[in-house]
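Engineer: Give me coordinates for this.
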Amino acid sequence: ASDSIHSLSQSIKNGDRSASEIVEQYISQMESREGVVRAFLHSDASAARASAATVDAARVAGETLGLLAGIPIAIKDNIVVHGAPTTCASNILASYNPPYDAACVSKLKAAGAVLIGKTNMDEFGMGSTTESSAFQVTTNPWDSTRVPGGSSGGSAAAVAAHQCVAALGTDTGGSIRQPASFCGVVGLKPTYGRISRHGLVAYSSSLDVIGPLARSVKDAAMLLQVIAGEDSRDATSAPAKVDDYVGGLVDVDELASQPLAGKTLGLITETMGEGVDQSVKEAIMNACKHYESLGATIKEVSLPTFKLGLPAYYVIAPSEASSNLSRYDGVRYGVRGDGDDLGRMYGRTREQGFGDEVKRRILMGTYTLSAGYYDAYYKRAQQVRTLVSREMNAALAEVDALVSPAAPTPAYPLGDKITDPLAMYAGDLMTINVNLAGLPAIVVPCGLSTSSKDEGMPIGIQLVGQSFAELELLQLAHAYELTSDWNSNIPSGNPLLNAVSS
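Structural biologist: As a prediction, this is how the structure comes out:
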């Protein structure tokens with residue numbers, strides 16, 4: 001595609017287009033579409049223009065340009081960027097300006113990326129629709145009456161609406177992969193520890209992962225190439241070797257007639273049953289048939305503990321959130337409520353600063369960690385986590401990747417689940433276990449819904465791999481993307497997407 005990272009990068013390096021010209025185009029697209037999409041909480045056009053000018057000057061001076069030189073990238077608003085607000089879409093951090101860059105942001109800047117803005121999200125990453133943001137509701141570029149997914153909904157929507165070339169999101173229980181599916185883009189959740197969490201505002205520290213959202217698998221690989229690697233400032237970052245993710249992907253004319261011969265993919269039986277939309281099942285089965293045409297073997301794999309992951313996650317994540325969010329007390333940073341004494345000040349700060357979903361999860365987490373309930377809930381949930389992880393890893397010893405839908409349904413209407421938290425939580429069923437096991441997973445678009453209520457909305461397929469096997473996942477996803485025609489019948493009635501594809 002002409003607006004892929006690779007092609008834009010080549011045009012800058014060859015002098016066909018300047019970084020300033022490309023950044024100007026994306027600033028214009030961002031601003032003209034923002035009234036409908038509302039993907040950004042903060043943007044700084046003058047800073048973006050200055051970064052682009054630096055890239056152009058470096059090219060003229062004959063300097064070697066970085067992998068992402070001149071490429072407009074958006075950052076989810078729970079990843080700190082020096083000189084830009086970081087609010088986590090929460091009133092409690094409305095005034096917070098971080099004094100440093102996150103490790104992944106430093107790496108993007110070192111590679112020449114132009115940071116175009118901070119994207120909307122569910123408050124502190126808690127939600128699956130981006131409707132729990134304290135500031136605005138982001139819409140799905142495919143249908144502005146529907147949710148973009150969450151919690152990285154702003155990043156996914158911005159990529160789908162061509163407001164940026166690619167974006168960073170975060171994934172605690174599916175927050176990159178589910179919005180990627182809802183918005184028809186590629187979303188990669190790397191292995192836990194593959195990317196430094198230094199500078200990521202913590203929600204659930206044993207589950208949180210940073211990863212890319214992009215319009216192609218190769219673009220996602222290029223972002224991963226830049227931000228992956230060990231970091232001494234994050235004790236959980238892994239010393240695992242960083243592969244050549246970009247060099248490991250071949251172009252379509254280099255693909256063998258059956259490029260996946262000898263590969264086995266395991267379709268998880270429990271993800272194709274009750275509660276999954278028929279149109280989603282059809283899209284996944286068609287994608288599996290396409291994989292077979294590429295030489296892969298598809299076999300069904302049963303994971304009996306699969307459905308136990310959801311309740312375990314909703315004990316572990318709120319417990320860790322209750323601990324992590326205790327730092328927002330109005331004393332050190334952020335908003336401060338009035339109070340006659342310390343207790344009242346703490347209480348009012350948190351009452352005024354946090355939204356309903358965050359309060360709900362803090363209450364759940366504080367309860368499950370309290371004396372007398374710790375063993376019954378938190379300890380039990382960690383035991384279930386071990387079972388889920390063992391079972392997924394045992395299955396991955398038999399197959400090259402596990403396959404499932406990324407979500408049980410396509411994107412649903414705004415307001416549909418905001419008053420029914422349990423229904424929203426249930427939508428995370430397909431993605432949560434991957435976080436509990438710390439495994440990598442990628443979502444690529446694989447079809448459009450044919451059902452009358454969701455007609456034309458995108459559907460994504462999820463591929464799950466062994467720990468640190470991101471390259472193998474990218475190769476499987478890339479082979480599918482290059483040879484499938486899922487996007488040949490994008491609906492013509494959507495003015496935003498039509499403007500985007502022209």
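Engineer: Just the helices from the stretch 101-250 of the chain, written as ranges.
Structural biologist: Under the criterion DSSP state H, counting those that start in this stretch, the stretch 101-250 of the chain contains helices at 103-110, 153-160, 177-183, 217-227.
Engineer: so can I have JSON lines of those helices showing mean neighbour count and distance to R348?
Structural biologist: C-beta coordinates here come from the backbone N, C-alpha and C atoms, glycine included. Formatted as JSON lines, the helices of the stretch 101-250 of the chain follow (neighbours: other C-beta atoms under 10 Å; distance: least, C-beta to C-beta, whole Å):
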{"stretch": "helix 103-110", "mean neighbour count": "22", "distance to R348": "33"}
{"stretch": "helix 153-160", "mean neighbour count": "34", "distance to R348": "29"}
{"stretch": "helix 177-183", "mean neighbour count": "34", "distance to R348": "33"}
{"stretch": "helix 217-227", "mean neighbour count": "26", "distance to R348": "39"}
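Engineer: Compare those helices and give me the one nearest A235.
Structural biologist: Judged by C-beta to C-beta, the one of the helices of the stretch 101-250 of the chain that comes nearest to A235 is helix 103-110, at 12.7 Å.
Engineer: Any idea how many residues pack against D251?
Structural biologist: By the criterion of other C-beta atoms under 10 Å, D251 has 9 neighbours.
Engineer: Compute the number of surrounding residues for the closest residue to it other than its chain neighbours.
Structural biologist: Distances taken as C-beta to C-beta, 6 or more residues apart in numbering place L482 nearest to D251, at 7.8 Å, with adjacent residues excluded. A count of nearby residues for L482, using other C-beta under 10 Å, gives 19.
Engineer: quick one: contacts for L482?
Structural biologist: Residues counted as contacts of L482 (C-beta atoms under 8 Å, 6 or more residues apart in numbering) are 251-252, 255.
Engineer: Just put the helices of the stretch 101-250 of the chain in a markdown table and tack on mean pLDDT and distance to F306.
Structural biologist: A markdown table is the format used below for the helices of the stretch 101-250 of the chain (pLDDT from 0 to 100; distance: least, C-beta to C-beta, whole Å):
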| stretch | mean pLDDT | distance to F306 |
| --- | --- | --- |
| helix 103-110 | 98 | 31 |
| helix 153-160 | 98 | 25 |
| helix 177-183 | 98 | 16 |
| helix 217-227 | 98 | 26 |
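Engineer: so can I have CSV of the ones you listed showing distance to P72?
Structural biologist: As requested, those are exported to CSV (distance: least, C-beta to C-beta, whole Å):
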stretch, distance to P72
helix 103-110, 11
helix 153-160, 10
helix 177-183, 17
helix 217-227, 12
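Engineer: Next step: the contacts of L482 restricted to helices.
Structural biologist: Among the contacts of L482, no residue falls in helices (DSSP state H).
Engineer: Kindly indicate which of these lies nearest T129.
Structural biologist: For these, the nearest to T129 is V252 (35.6 Å; C-beta to C-beta).
Engineer: In contact with that closest one, which residues?
Structural biologist: 482-483.
Engineer: hmm, back to that, in strands, which of the contacts of L482 fall?
Structural biologist: With DSSP state E as the criterion, strands contain none of those.
Engineer: need the contact list for F306.
Structural biologist: F306 touches 268, 270-271, 388, 391, 433, counting by C-beta under 8 Å, 6+ apart.
Engineer: right, and the helix or strand after the helix of greatest length in the chain?
Structural biologist: Ordering each helix of the chain by length in residues (DSSP H) puts helix 19-37 first. Sequence order places strand 40-42 as the next helix or strand after helix 19-37, per DSSP states H and E.
Engineer: Turn the contacts of L482 into CSV, columns for distance to K379 and pLDDT.
Structural biologist: Output for the contacts of L482, formatted as CSV (distance: C-beta to C-beta, whole Å; pLDDT from 0 to 100):
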residue, distance to K379, pLDDT
D251, 51, 86
V252, 51, 81
L255, 49, 83
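Engineer: And the strands in the stretch 51-200 of the chain?
Structural biologist: 72-76, 114-119, 166-171, 186-189 (DSSP state E, counting those that start in this stretch).
Engineer: Of those, flag the one that's most buried.
Structural biologist: strand 186-189 (a mean of 32; mean count of other C-beta atoms under 10 Å).
Engineer: and it, how far from the chain's centre?
Structural biologist: 6 Å (C-alpha atoms, centre = their mean, to the nearest Å).
Engineer: Just give the strands next to it in its sheet, each with its orientation.
Structural biologist: Here strand 186-189 is paired, per DSSP bridges, with strand 209-214 (antiparallel), strand 441-448 (antiparallel).
Engineer: any chance of those in JSON lines, plus distance to V301, mean pLDDT and mean neighbour count?
Structural biologist: As requested, the strands paired with strand 186-189 are exported to JSON lines (distance: least, C-beta to C-beta, whole Å; pLDDT from 0 to 100; neighbours: other C-beta atoms under 10 Å):
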{"stretch": "strand 209-214", "distance to V301": "23", "mean pLDDT": "98", "mean neighbour count": "29"}
{"stretch": "strand 441-448", "distance to V301": "15", "mean pLDDT": "97", "mean neighbour count": "28"}
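Engineer: need these in TSV with distance to G187, can you?
Structural biologist: Formatted as TSV, the strands paired with strand 186-189 follow (distance: least, C-beta to C-beta, whole Å):
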stretch	distance to G187
strand 209-214	5
strand 441-448	5
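Engineer: Packing partners of the longest helix of the chain?
Structural biologist: helix 5-13, helix 45-60, strand 72-76, strand 114-119, helix 153-160, helix 495-501 (3 or more C-beta pairs under 8 Å, 6 or more residues apart in numbering; DSSP states H and E).
Engineer: Reformat the ones you listed as CSV; add distance to T139.
Structural biologist: Listed next are the helices and strands packed on helix 19-37 as CSV, based on distance: least, C-beta to C-beta, whole Å:
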stretch, distance to T139
helix 5-13, 25
helix 45-60, 22
strand 72-76, 16
strand 114-119, 13
helix 153-160, 7
helix 495-501, 9
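Engineer: least reliable of those going by mean pLDDT?
Structural biologist: Note on the helices and strands packed on helix 19-37: lowest mean pLDDT is at helix 495-501, with a mean of 47.
Engineer: May I ask you to confirm that V358 belongs to a helix?
Structural biologist: Yes - counting by DSSP: H, G, I helix; E, B strand; the rest coil, V358 falls inside a helix.
Engineer: Show me the residue at the heart of this protein, geometrically.
Structural biologist: Note on the chain: the residue nearest the mean C-alpha position is I176, at 1.9 Å, using C-alpha atoms, centre = their mean.
Engineer: For that one, give me its contacts.
Structural biologist: Contacts of I176 (C-beta under 8 Å, 6+ apart): 152, 155-156, 169-170, 187-189, 209, 211-213, 443.
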